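# sequence first, predicted coordinates after that:
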Amino acid sequence: MKNEDEPKDKRLKPGDAQKLTMAEVAKYVGVSAMTVSRAFRQDASVSEETRKRIMEAVDALGYVLDLSAGSLSSRRSGFIAALVPSINNSNFSDTARGMTDALEKTGLQLLLGYTDYSTEKEEELIEAMLRRRPEGIILTGGSHTPRARRMLAQADIPVVETWELPEDPINQVVGFSNSEAMALLVRTLASQGYRKFGYIGGTTARDTRGSQRRSGFQRTVEELGLGPGRMISFGVPPITMEQGGQAIVSLLERWPDTEVVLCVSDLSAFGAIMECTRRGMKVPRDIAIAGFGDYEISSICHPRITTINVDCYGIGRQAAARLLDALHTGEATGDEITLTGYKVVLRESTDRNGAPTA
């Protein structure tokens, strides 16, 4: 007797490189293409057992239902998909602007999705985007669910991961080492005489870039013989200005002799400075504070914030350029890594030699 739970097409395996069709999924499960279609539509004529087998196969194979209107006559959709963690973060806004500018006059449009730093939400958005058959997709970071990676591999379109250097890239990468960037900031401030370092970051690892910055901080203070660093985890990423203020209070209550505090972002650094001001502390005379990202606010607040500039706009522009190159050559795969620059921007918040104080 045949086992209905066994795949009927033994030649088709999870991870196969060819682009799957609904007919091939149907053959794999041992049902008709119409049954697969009905299963996607939650049609009552498909039994729960059959629907479960179909969806398990869809998950294992990385198949994504094609909803593009022109899918029967043309594979071109005319848009690029891009996913960012936050829409109220000026760094990612600048990255999206770089993508848009690079796509100008190409006839391609940018469709933006917001993941809220969640790999599960990213997976949902990747599936939703791929159902419309984008020409390519640009992702923020290199941490994805296994199913998301399978869907992207099966899509056979250019994929560019940005803002970090993944250990296992899907396709192309445009980014930098967040760990090394934070390490550079630590070494720069240590060269100015600072010895007692503190760090403010988030409470979870869902912001992988924040985790990498924390790792770079901890490693470097220990390498310099200044550790272990005084680290406070406060708030679910992304850390707000208010949480930065609350975190600096917790850090100084625990380690009141801290000389300089490095924050995961300029926003938390700004909040920390404002809280110090409210408490009558002078920055940088009583406590020096630095951020990360070179947000606009870091250059106009008082005192202006020492930070790391990472060329957010350039990341977006180069990511779109690499994707366009792949589209022009017709090669969706490859492992090219484009390193983007970063630099320390020294400002008054860490300058004890004549800088204004808050």
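Right, received. Where do you want to start? The structure presented is a predicted model; accordingly, all values stated were derived computationally and were not measured.
# ok, then the element right after the lowest-mean-pLDDT helix or strand in the chain?
Within the chain, no helix or strand scores below helix 33-40, which has a mean of 81 by mean pLDDT, DSSP states H and E. Remark: after helix 33-40, the chain's next helix or strand is helix 48-61, criterion DSSP states H and E.
# what's the first helix or strand after that following helix?
Using DSSP H and E, the helix or strand that follows helix 48-61 in sequence is strand 79-84.
# roughly how far is that following strand from the heart of the chain?
Between the centre of strand 79-84 and the centre of its chain there are 12 Å (CA atoms, centre = their mean, to the nearest Å).
# sheet-wise, list the partners of that strand with their directions.
strand 109-114 (parallel), strand 136-140 (parallel) (DSSP bridges).
# among the ones you listed, which is the most enclosed?
Per residue and on average, the most neighbours among those fall to strand 136-140, with a mean of 26 (mean count of other CB atoms under 10 Å). Where C-beta positions appear, they are placed from N, C-alpha and C, glycine not excepted.
# in the least confident helix or strand of the chain, what's buried?
Neighbour-count burial for helix 33-40 flags 35-36, 38-39 (criterion: 16 or more other CB atoms under 10 Å).
# now do the strands in the stretch 151-300 of the chain.
159-162, 172-175, 197-201, 230-233, 260-263, 288-290 (DSSP state E, counting those that start in this stretch).
# dump the ones you listed to a markdown table, plus mean neighbour count, distance to residue 303 and mean pLDDT.
Putting the strands of the stretch 151-300 of the chain into a markdown table (neighbours: other CB atoms under 10 Å; distance: least, CB to CB, whole Å; pLDDT from 0 to 100) gives the following:
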| stretch | mean neighbour count | distance to residue 303 | mean pLDDT |
| --- | --- | --- | --- |
| strand 159-162 | 28 | 31 | 97 |
| strand 172-175 | 25 | 30 | 96 |
| strand 197-201 | 27 | 17 | 97 |
| strand 230-233 | 19 | 21 | 95 |
| strand 260-263 | 29 | 13 | 98 |
| strand 288-290 | 27 | 9 | 98 |
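# ok, which of those comes nearest residue 140?
With CB to CB as the criterion, residue 140 lies closest to strand 159-162 of those, at 5.7 Å.
# and the closest one, what other elements does it pack with?
Packed against strand 159-162, as judged by 3 or more CB pairs under 8 Å, 6 or more residues apart in numbering; DSSP states H and E, are the following elements: strand 136-140, strand 172-175, helix 312-329.
# nearest to residue 189, out of those?
Judging the helices and strands packed on strand 159-162 by CB to CB, what sits closest to residue 189 is helix 312-329, at 22.5 Å.
# got a list of contacts for the very next helix or strand once past the closest one?
Counting by DSSP H and E, the element after helix 312-329 in chain order, helix or strand, is strand 337-339. Strand 337-339 is contacted by residues 165, 169, 172-176, 318, 322 when judged by CB atoms under 8 Å, 6 or more residues apart in numbering.
# between those residues, which is nearest residue 297?
The nearest one, if we look at these relative to residue 297 and count by CB to CB, is residue 176, at 21.7 Å.
# the closest one against residue 318, yeah?
No: between residue 176 and residue 318 there is no contact under CB atoms under 8 Å: 11.1 Å.
# tell me, what's touching the two both at once?
Counting by CB under 8 Å, 6+ apart, the residues touching both residue 176 and residue 318 are residue 340.
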